[in-house]
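Q: Attaching a predicted model along with its sequence, questions to come.
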Amino acid sequence: MAWSIHTYANPTRFMNFSAIVLPYVWALAGAGIGIGLYLSFFVAPPDYQQGDSVRIMFVHVPSAWLSQFGYGIMVVSSIVALIFRHPLADVAAKSAAPIGAVFTFLALVAGGLWGKPMWGTYWVWDARTTSTLVLLFIYLGYMALWAMIEDPNRAARVAAVLAIVGAVNLPIIRFSVDWWNTLHQPASVFRLDGPTIHSSLLWPLFVVALGFTFFFIGVLMVRMRAEILRRKVRTLQMQQAAA
Amino acid sequence: MNAFFALVQREVRLATRVGGGGGMAVFFFLIVLSIVPFGIGPDLNLLTRIAPGMLWVALLLSALLTLDRLFQADQEDGTLDLLVLAPQPLELTVLAKAVSHWLTTGLPLVIAAPILGLMLNLPLDGMLPLMGAMLIGSPALSLLGAVGAALSVGVRRGGLLISLLVLPFYVPVLIFGVSASRAALVAVPGDLGGQSLALLGAVSLASLVVGPVGGAAALRVAVK
Amino acid sequence: MDSWTEFFNMGGYGPYIWSSFLIAIAVMTGLALQSWMDLKKQKRLVSELEARAERKRS
């Protein structure tokens, strides 16, 4: 049989495939997060400037990474859904949105809890925080659109257009927010993250981020399975109502 | 191209005869801005400082107000199906819709802005930059709004949904618009006003592409 | 014992560090549980509907 993109894109095949793979994904997620937590509390040294508060980075940075990763998955799936009319792509896009939104929220919360001891306030309107907030709004709008259109096929294509329009606009929004920020705050703000992270902190961070990513993939698979079944329930109900 | 102008004409005529034209939007604009001093107190210095920002925020809200009727009315009476099937490219149709939305909402608000600026104690020197910035920036609001309106066609309580979808995309317009309007009032180093005006223009031009293309894509899937 | 109080204190940053980790763990667990329970529910609905279809046929 020819091995094409459709091999795993068939919903039934995906159900079988994900059932086999899921335990390994969860194991990798658990191992990554578990080892990462150990490393971040017992191995990683306190930062010479920020002391122990730097450990919040191990929540903040992976969450921020997944907030971008989730949108990336949404956009790629949306493009595939629109162009190839793939039965699985819009399921993936819909399932990725709430997970991405949750990690965007976590990035904001952890950032606030990091900001309080560092900046003296939970919330600052700095460029990164503000564009993360706008990203959260776009996630929520996308989810609202899905929730408000009943027919899943129509909702899928409309939501795909929104995700792609959002992807086109996000760089513009990010640029404008950066620009706005330098306008109102001369560049004296203490940078939380950035290239100055010491290497002894970097590799524990990498382990946690990897664990978080596998967690994301695990939840994504579970949600996709549930979504495929939800559509099956919908067709079964409609068949029985018609009969 | 004739169809384009015919559509614009139809929309503007419909809006002035049935929807009260720009009158409603201007009225809303006025009321929102009159609420501001009640909220923050009648301190004239404070009002001067926040006037450009408040005017722009009110402009965004007023532009949202009429967006939900942009395609919804046509969808309800079946006109939208005809527009989608028409030989004219759907992108041009969306553009015509956005242009007529701007003519009946954006333009009246830009003209009304100086009067409301006076009420917020905006100095006279600031009026022209404010109007110029609004003139350049407000088309982007109609164009991006058209995408939101197209996405939520056929959705019950679509008006609320449009605001949630569109407002995040209005952020760049707000940022560059306020900064261009404010440059004449506050002493800033360099040619900040010109720079923000140029960026505002760039955002409007980008919306000129994103609006019709995105809106047409949304309409195609929404109507099918 | 002292080393443990010191550990929880985290150089004075304890409340911020522990609350950020606890919130993250709680939210992530909640998300995973909610997704898993939704999957269970859909599985149950599918089997119910299929059983009903089977009964009708026979």
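A: That came in fine, so what should we check first? Residues are numbered from 1 along each chain as shown, chains lettered A, B, ... in the order given.
Q: And the residue of chain C closest to chain B?
A: Closest contact between chain C and chain B, by Cβ to the nearest Cβ, is at C:Leu31 (21.8 Å). From N, CA and C alone the C-beta is placed, and that goes for glycine too.
Q: residues from chain B in reach of chain A?
A: Contacts of chain B with chain A, taken as Cβ under 8 Å from any Cβ of the partner chain, map to B:147, B:151-152, B:154-158, B:161, B:164-165, B:167-169, B:171-172, B:175-176, B:179, B:192, B:199, B:203, B:206, B:210, B:214, B:217-218, B:221-222, B:224.
Q: of the residues you listed, buried ones?
A: B:147, B:151-152, B:154-155, B:158, B:161, B:164-165, B:167-169, B:171-172, B:175-176, B:179, B:192, B:199, B:203, B:206, B:210, B:214, B:217-218, B:221-222 (16 or more other Cβ atoms under 10 Å in any protein chain shown).
Q: Which strand or helix spans the residue nearest to the residue of chain C closest to chain B when sequence neighbours are not counted?
A: Closest residue in space to C:Leu31, ignoring its immediate chain neighbours: A:Val102 at 5.2 Å, by Cβ to Cβ, 6 or more residues apart in numbering or on different chains. A:Val102 is part of helix A:89-119 when elements are defined by DSSP states H and E.
Q: same question for that helix, mean pLDDT?
A: What helix A:89-119 shows for mean pLDDT is 89.
Q: so what's the residue of chain C closest to chain B up against?
A: A:98-99, A:102, A:219 (Cβ atoms under 8 Å, 6 or more residues apart in numbering or on different chains).
Q: could you pull out the helices for chain C?
A: For chain C, the helices defined by DSSP state H occupy C:2-9, C:14-57.
Q: typed the wrong thing, it's chain B
A: B:2-17, B:22-40, B:44-65, B:69-76, B:79-85, B:90-101, B:107-119, B:127-151, B:158-166, B:171-182, B:192-223.
Q: Ok, which of the ones you listed comes nearest A:Ala93?
A: helix B:192-223 (13.9 Å; Cβ to Cβ).
Q: could you check the angle helix B:69-76 makes with the closest one?
A: Per axes from the mean of the first three to the mean of the last three Cα atoms, to 10 degrees, the angle that helix B:192-223 makes with helix B:69-76 is 10 degrees.
Q: and helix B:192-223 with helix B:90-101, angle?
A: Angle of helix B:192-223 versus helix B:90-101, following the same axes, to 10 degrees, is 120 degrees.
Q: count of residues packed around the closest residue to B:Phe71 other than its chain neighbours?
A: Once flanking residues are discounted, B:Phe71 sits nearest to B:Val153: 4.7 Å by Cβ to Cβ, 6+ apart. Using other Cβ atoms under 10 Å in any protein chain shown, B:Val153 is surrounded by 22 other residues.
Q: For B:Val153, give its distance to B:Val210.
A: According to Cβ to Cβ, to the nearest Å, B:Val153 stands 18 Å off from B:Val210.
Q: what comes up buried for the next helix or strand along the chain from the helix holding A:Val102?
A: Sequence-wise, the next helix or strand downstream of helix A:89-119 (DSSP H and E) is helix A:127-148. Judged by neighbour count using 16+ other Cβ under 10 Å, the buried positions of helix A:127-148 are A:127-146, A:148.
Q: same for chain B: which of the residues you listed are within range?
A: Okay, of those touching chain B (Cβ under 8 Å from any Cβ), that's A:134, A:137-138, A:140-141, A:144-145, A:148.
Q: Could you figure out how far the helix ranked longest in chain A is turned away from helix C:14-57?
A: Taking DSSP H as the criterion, chain A has its longest helix at helix A:199-242. Interaxial angle, helix A:199-242 versus helix C:14-57 (the same axes, to 10 degrees): 20 degrees.
Q: Which elements pack onto helix A:199-242?
A: Other helices and strands packing on helix A:199-242, by 3 or more Cβ pairs under 8 Å, 6 or more residues apart in numbering or on different chains; DSSP states H and E, are helix A:11-38, helix A:57-84, helix A:89-119, helix C:14-57.
Q: Show me what from chain A comes close to chain C.
A: With the criterion set to Cβ under 8 Å from any Cβ, chain A comes near chain C through A:37, A:41, A:46, A:51-53, A:55-56, A:59-60, A:63, A:98-99, A:102, A:105-106, A:109-110, A:113-114, A:116-117, A:215, A:218-219, A:222-223, A:225-226, A:229-230, A:232-233, A:236-237, A:239-240, A:243.
Q: mind redoing it with 6 Å?
A: Listed as neighbours of chain C in chain A under the rule Cβ under 6 Å from any Cβ of the partner chain: A:51-53, A:55-56, A:59, A:102, A:106, A:109-110, A:113, A:116-117, A:219, A:222-223, A:225-226, A:229-230, A:232-233, A:236.
Q: Going through those residues, which ones are buried?
A: By neighbour count, with 16+ other Cβ under 10 Å, the residues of chain A next to chain C hold A:52-53, A:55-56, A:59, A:102, A:106, A:109-110, A:113, A:116-117, A:219, A:222-223, A:225-226, A:229-230, A:232-233, A:236 as buried.
Q: any low-confidence regions in the chain?
A: If you meant another chain, say so; for now it's chain A. A:1-9, A:47-51, A:183-199 (pLDDT under 70).
Q: could you do chain C instead?
A: Looking at chain C by pLDDT under 70, you get C:1-2, C:6, C:8-12.
Q: Try it again at 50.
A: Across chain C, nothing is flagged by pLDDT under 50.
Q: Point me to the residue of chain A nearest chain C.
A: A:Leu229 (3.6 Å).
Q: Which residue lies closest in space to that residue, excluding its sequence neighbours?
A: In space, A:Leu229 is closest to C:Gln42, 3.6 Å off (Cβ to Cβ, 6+ apart).
Q: before we move on, what about B:Leu70?
A: Spatial nearest neighbour of B:Leu70, excluding adjacent residues (Cβ to Cβ, 6+ apart): B:Ala149 at 4.0 Å.
Q: what's the nearest residue to B:Met54 if we skip its chain neighbours?
A: In space, B:Met54 is closest to B:Val36, 5.3 Å off (Cβ to Cβ, 6+ apart).
Q: so what pLDDT did the one you found get?
A: Looking at B:Val36, the pLDDT reads 86.
Q: Next, the contact list for B:Asn121, please.
A: Contacts for B:Asn121 were tallied using Cβ atoms under 6 Å, 6 or more residues apart in numbering or on different chains; they are B:44, B:47-48.
Q: Out of those residues, who's the most crowded?
A: B:Leu47 (18 neighbours).
Q: Can you tell me what sits against stretch A:226-235?
A: Contact partners of stretch A:226-235, identified using Cβ under 6 Å, 6+ apart, comprise A:11, A:91, A:95, A:152, C:38-39, C:42, C:45-46.
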